[in-house]
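Chemist: Starting from these lines, generate the structure:
(4 chains)
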2 protein chains.
Amino acid sequence: MRRDSRLSGVLHVLLHMTEQPGPITSDALARAMNTNPVVVRRIMGGLRDRGLVHSEKGHGGGWMLACDLAAVTLRDVYDALGEPALLAMGNRTEAPDCLVEQTVNAALGETFDEAEALLLRRFEQISLAALCEVFHARLAERGGSLALETTHAA
Amino acid sequence: MRRDSRLSGVLHVLLHMTEQPGPITSDALARAMNTNPVVVRRIMGGLRDRGLVHSEKGHGGGWMLACDLAAVTLRDVYDALGEPALLAMGNRTEAPDCLVEQTVNAALGETFDEAEALLLRRFEQISLAALCEVFHARLAERGGSLALETTHAA
DNA sequence: CACTCTCGTAACATATAGCGTTGCATGAGA
DNA sequence: TCTCATGCAACGCTATATGTTACGAGAGTG
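Modeler: Below you'll find the model as predicted:
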């Protein structure tokens, strides 16, 4: 299967939203990500249910941030996506009768658990506010516009 | 995508081979793994090309170990499988123009790289001989047979 | 009220990758 | 010559991320 890029995608969207005061429509976000509005709504749905963002229908509607950027980490966003699989590999069988396979599972499982724990720990260490800061540092360093419409030409 | 279990599977096979003096057929290995002989040959092909195992056709043929168990690590086996993807997630775009996405990619990419490096490092730290040792320790502790035919009832 | 905008959601299509299965060719031993 | 076993191509199946279309519901505008 293709590699899951939902976390990457939703963070892209969230970071753009921090740079824009008003609500942004799924359509505008979809254009920025070269994808479809429905895909945007799909990945944003989980974040809405968790109260990270808020959506409004009708004229002037769209998506708005609804959380404290300093208090929300990538882990929260990851959870809001439904905690998709982190590793592409896994043990063949969960609870095998075979002692040989139990040995293999134990060794591999420990390694896999370590890697997953590392990822989640790193996610918890990065807040949306921190991402914003890094972005602004890059912006100041390299110059350029911060508007969604400019960075993503229509 | 389904979670890749080739590493888990091939290690199971290799460990069984260390416990058996003569060659083992793909058919016997497939029965032990509740799968198809062709699947066994497929994942073993890479290991054969690297000289980790040797295959013989005809009567009395099958698979044999062809390496120093203490010198071969899980990393070697992983490489022999063709270095399949370790992580189920990735960045949406490799080299985006958007400064926002560059920021997201940098943060996530660093985390992903760390996790991949951890996995490979752990793989390098575990030799086939070490797995064998753990297996024999478990065997002595819990008792039981070590024959493929017994642990995997036909 | 009619119209337009936007989200919410179902339904279906597409692409990829692991896995299973069949068939046949090839080489080795009985 | 027959049987056993690998080598390999060619399918089909399944799961999942992603793309697309269609329609309904709510919210603002004229």
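Chemist: got a pLDDT number for A:H152?
Modeler: Note for A:H152: predicted pLDDT of 65.
Chemist: got a list of what the residue lying closest to A:D27 once chain neighbours are set aside touches?
Modeler: Spatial nearest neighbour of A:D27, excluding adjacent residues (CB to CB, 6 or more residues apart in numbering or on different chains): A:P37 at 5.0 Å. For glycine as for every other residue, the C-beta is placed from the backbone atoms N, C-alpha and C. Taking CB atoms under 8 Å, 6 or more residues apart in numbering or on different chains, we find A:P37 in contact with A:25-27, A:29-30.
Chemist: Of the residues you listed, just the buried ones, PyMOL syntax please.
Modeler: Buried residues within the contacts of A:P37, by 16 or more other CB atoms under 10 Å in any protein chain shown, are selected in PyMOL with:
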select buried, chain A and resi 25+26+29+30
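Chemist: can you narrow the contacts of A:P37 to ones near DNA strand C?
Modeler: For DNA strand C, the contacts drawn from the contacts of A:P37 by CB under 7 Å from any atom of the strand are A:25-27.
Chemist: The longest helix along chain A and DNA strand C, any residue contact?
Modeler: The single longest helix within chain A, with elements called by DSSP state H, is helix A:99-125. No. Remark: helix A:99-125 sits outside contact range of DNA strand C, by CB under 7 Å from any atom of the strand, the gap being at least 13.0 Å.
Chemist: Quick one: list the elements packing against that helix.
Modeler: The contact analysis (3 or more CB pairs under 8 Å, 6 or more residues apart in numbering or on different chains; DSSP states H and E) places helix A:99-125 against helix A:74-80, helix B:6-18, helix B:99-125, helix B:128-142.
Chemist: What's the mean pLDDT across that helix?
Modeler: pLDDT averaged over helix A:99-125 gives 97.
Chemist: Please tell me how far it is from the chain's geometric centre.
Modeler: Its chain's C-alpha centre and that of helix A:99-125 lie 22 Å apart, by CA atoms, centre = their mean, to the nearest Å.
Chemist: re the thing from before, could you dump the ones next to DNA strand C among the contacts of A:P37 into a markdown table with pLDDT and secondary structure added?
Modeler: Output for the ones next to DNA strand C among the contacts of A:P37, formatted as a markdown table (pLDDT from 0 to 100; DSSP: H, G, I helix; E, B strand; the rest coil):
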| residue | pLDDT | secondary structure |
| --- | --- | --- |
| A:T25 | 97 | coil |
| A:S26 | 97 | helix |
| A:D27 | 97 | helix |
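Chemist: Highest mean neighbour count out of the helices and strands packed on helix A:99-125?
Modeler: Of the helices and strands packed on helix A:99-125, the one with the most neighbours on average (mean count of other CB atoms under 10 Å in any protein chain shown) is helix B:6-18, at a mean of 23.
Chemist: which residues are contacting it?
Modeler: Contacts with helix B:6-18, where a contact means CB under 8 Å, 6+ apart, come from A:89-92, A:98, A:100-101, A:103-105, A:107-108, B:24, B:29, B:32-33, B:35, B:40, B:43-44, B:47, B:52-53, B:63-65, B:69, B:74, B:77-78, B:81, B:84, B:128, B:131-132, B:135, B:148.
Chemist: Please see if that helix touches DNA strand C.
Modeler: Yes. Helix B:6-18 lies within reach of DNA strand C by CB under 7 Å from any atom of the strand, at B:6, B:9.
Chemist: residues in chain A within reach of DNA strand C, list them.
Modeler: A:1-2, A:24-27, A:37-38, A:41-42, A:44-45, A:48, A:55-63, A:92.
Chemist: repeat that for 6 Å
Modeler: Contacts of chain A with DNA strand C, taken as CB under 6 Å from any atom of the strand, map to A:1-2, A:25-27, A:37-38, A:41, A:45, A:48, A:55, A:57-59, A:61-63.
Chemist: What subset of those is buried?
Modeler: With neighbours counted by 16+ other CB under 10 Å, the residues of chain A next to DNA strand C contain buried members at A:25-26, A:55, A:62-63.
Chemist: What about the residues of chain A next to DNA strand C, which are in strands?
Modeler: A:55, A:62-63 (DSSP state E).
Chemist: who in chain A is up against DNA strand D?
Modeler: Contact residues, chain A versus DNA strand D (CB under 6 Å from any atom of the strand): A:1-2, A:4-6, A:35-36, A:38-39, A:57-60, A:84.
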